[in-house]
Structure formats: C-alpha cells, structure tokens
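A.B. asks: Dropping a prediction and its sequence here:
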Amino acid sequence: MSASMSTAAGAPSVSTGGDGRFADLHLHTFFSDGTFSPEELEERGKGVGLAAMALTDHDTVEGCERMAQACAAHGIEFVAGSELTAEFDGKEVHLLGYFLDTANEMLCAELKRFQAVRQARIEEMVRRLNLLNIPLEAESVFRLANCRSPGRPHVGRALVQEGLCGSLDEAFDRFLKKGRPAWVPKCKVDAMDAITLIHQAGGLAVMAHPALNQGDELIPQLVRQGLDGLECFHTRNVGHMPEHYMRLAARYNLLVTGGSDCHGYSKGKPLIGGVKLPGVYFDKLKEARRQKARAGAA
Ligand code: AMP
Ligand code: FE
Ligand code: FE
Ligand code: ZN
C-alpha cells in the first residue's frame, strides 16, 4: 500500500510508500506557546489517526512526562523533544531536539537559563508597553502564561484579556510584530551550541521549517556541525517545498522529519492532522537514534 504525505494549503502529495502509519513530530502545548494540554493534544492526535507524536515545546521539556503518559495509555509512540531558537551566521534557525533525555543535567540547566531569558524579555516588552501608557503588568502575563517558557503570544493574549487590545491580531499589529514598539528581539543560542546540547542529551538535532527561516544556505554548514535531519514536511512547506527539502536531505544524508507545528486553534481549527509524516521516515529516525546510542556506548 502506498502512503501519501499530506501538507496544508493544497500541497501536492508525495508518494513515499509505507504502511499507513503516520507521525506528527512538531507539536506545542500550553507548556510553551500552545493552548492545548498534553492530554488534549494526544487525544486530538489519536483522533486524526497518528501512530506517533513528538512534543517540541519551545525551550522546555516540561510537558513531556504528561504527554508520554497520555500516549502510552492509548498506544501512541511518543518522542520527547524541544524546539530551540538558535542563530547561525546572523540568521535565525529553529532546531528540534528529538529523543532527549529530559533529566539530562546540562539540558535542564540550559533550558532553565533560556527560560529566565524569556521571562526577562516579557518584562522588557511590558516595560515598553508601559512607556506607551499601556497599563499592562508583567504579573498578568506570567499568570496567564502559567508556564516557564512564556513568549509574545502570552503578552498578546494578556493585552486582550485586560481589554487593552481588541484581538490578538491587533496586539501583534500594533505592538508585538517585528519593528513595532513593544517588540523585543529574542535572545538566540548559537546553533553549534544548540546541536551540541541536543547531542549530549542523547538527542538528534533537526532543522525546523527551513523555508520559514530562509535558511537553505545554512544547511551545509549545519551538517558539518552535526545536524542530523531536516523538517521536510511542515504546515508552511507548501507547493514543491517538500520535494525540494527531500532532495536536500538526500544530498546531505539527513534524516527526513515532519510535523504540523500545531499551537492549538489556528484560524478556527487545529493544525494537527494536516501534516502526516509516513512511518517509514519515523522508523529511520528511530534507527539513527539506536545507532548513535550504540556508537556512544562503544
Ligand atoms: P516569540 O517566540 O515569543 O517571539 O513568539 C513567536 C510566536 O508568536 C509564534 O508561535 C507565532 O505563532 C506567534 N506569532 C507571531 N506573529 C503572530 C501574529 N501576527 N499573530 C499571532 N501570533 C503570532
Ligand atoms: Fe511557537
Ligand atoms: Fe519554530
Ligand atoms: Zn514550533
């Protein structure tokens, strides 16, 4: 039976062969800027027929234990992950870490540091809003976010909740979008350090949504730094992009991954289920992890 790769926005199907098992390896919960709980996300994944799911909240692995339990209860394979915001050659690049040891000491210490930077960034955004006579308190944002890894969407939602903006779109358009008065650039970790951090925590490092960051020219350099894979399938990889990135993955001997990048409801419906990575690629990812673990133990 042949499986097809589905992507959003009418992207062509890529025939891959397979057995009808699918994975979504890029998902967020309310432990970062998503809105679903781990249990809700798992339930929705099951609802759209996923056989495997990875949780990739920004700069945290906090939701992984709950998600692992929810998945185990319903026979779904689970991968503990995280999405790190990195920089290479002055360009932003998001790196997904998969199969992370969530108790790894250096990983936990570094994530804690990234989270402290995120919290300081929220305070700076609020300070800038206050300078514009927008009476938002940082405490309202932290209370609403209720997680260690807050971001701009939480500031936007707090502005709406406090009646200071009519909608999230308005909050971004007036204050939070790049170049707007309360926009504060995000502190980024060096991509080489991010890859090293992921590897030392037992993980595989994958470049997320390459098209979104226009980072094609970074790929060969990141490969030299030990990059393991490329997210060829993503909600925003439309048209011929999946094939383009599959070719690059083949050229640089990179693993192929994919996920919806679901953050909850988006334009009335969750993205989960819109991108389904055929099980054959997920199996290759698992095999690569086993090989790395064997090489590490030898
Ligand atoms: P941050 O990582 O804190 O800079 O925030 C990035 C997050 O903000 C991403 O998850 C985006 O989904 C979200 N975001 C970016 N632009 C907008 C926008 N115009 N409206 C709503 N959410 C947005
Ligand atoms: Fe996000
Ligand atoms: Fe991202
Ligand atoms: Zn993401």
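C.D. replies: Yep, it's here. Ligands and ions are numbered 1, 2, ... in the order given.
A.B. asks: do you know how far residue 219 is from residue 268?
C.D. replies: 34 Å (C-beta to C-beta, to the nearest Å). (Glycine included, C-beta is placed from N, CA and C.)
A.B. asks: Let's test this: what are the backbone torsions at the residue lying closest to residue 89 once chain neighbours are set aside?
C.D. replies: In space, and not counting its chain neighbours, residue 89 is closest to residue 218: 6.3 Å by C-beta to C-beta, 6 or more residues apart in numbering. Per-residue torsions, residue 218: phi -80, psi -20 (degrees, to the nearest 10).
A.B. asks: from the middle of its chain, how far away would stretch 212-232 be?
C.D. replies: Relative to its parent chain, stretch 212-232 has a centroid offset of 15 Å by C-alpha atoms, centre = their mean, to the nearest Å.
A.B. asks: I'd like to know how far residue 66 sits from residue 100.
C.D. replies: 15 Å.
A.B. asks: for ligand 1, what are the nearby residues on the protein?
C.D. replies: Residues of the chain lying near ligand 1 by C-beta under 6 Å from any ligand atom: 33, 151-153, 168-169, 172, 177, 186, 263.
A.B. asks: again, only this time at 5 Å
C.D. replies: 33, 151-153, 172 (C-beta under 5 Å from any ligand atom).
A.B. asks: Only the buried members of the residues you listed: can you turn that into a PyMOL selection?
C.D. replies: This is the PyMOL syntax for the buried subset of these, where burial follows 16 or more other C-beta atoms under 10 Å:
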select buried, resi 33+151+152+153+172
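A.B. asks: if we can go back for a sec, pick out whichever of residue 66 and residue 100 has more residues nearby.
C.D. replies: The neighbour comparison of residue 66 against residue 100 (other C-beta atoms under 10 Å) goes to residue 100, with 24 against 17.
A.B. asks: Go ahead and confirm that one touches residue 202.
C.D. replies: Yes: using C-beta atoms under 8 Å, residue 100 is in contact with residue 202, at 6.6 Å.
A.B. asks: need the next SSE after the lengthiest strand in the chain, C-terminal direction.
C.D. replies: Longest strand of the chain, by residue count under DSSP state E: strand 77-88. Moving toward the C-terminus from strand 77-88, the next helix or strand (DSSP states H and E) is strand 91-98.
A.B. asks: The helix or strand following that next one packs against which elements?
C.D. replies: The helix or strand immediately downstream of strand 91-98 is helix 105-131, counting by DSSP H and E. Where contact means 3 or more C-beta pairs under 8 Å, 6 or more residues apart in numbering; DSSP states H and E, helix 105-131 is packed against helix 138-145, helix 152-161, helix 191-200.
A.B. asks: now the ones you listed as CSV including distance to residue 226 and mean pLDDT?
C.D. replies: Shown next, in CSV, are these (distance: least, C-beta to C-beta, whole Å; pLDDT from 0 to 100):
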stretch, distance to residue 226, mean pLDDT
helix 138-145, 33, 98
helix 152-161, 30, 97
helix 191-200, 5, 98
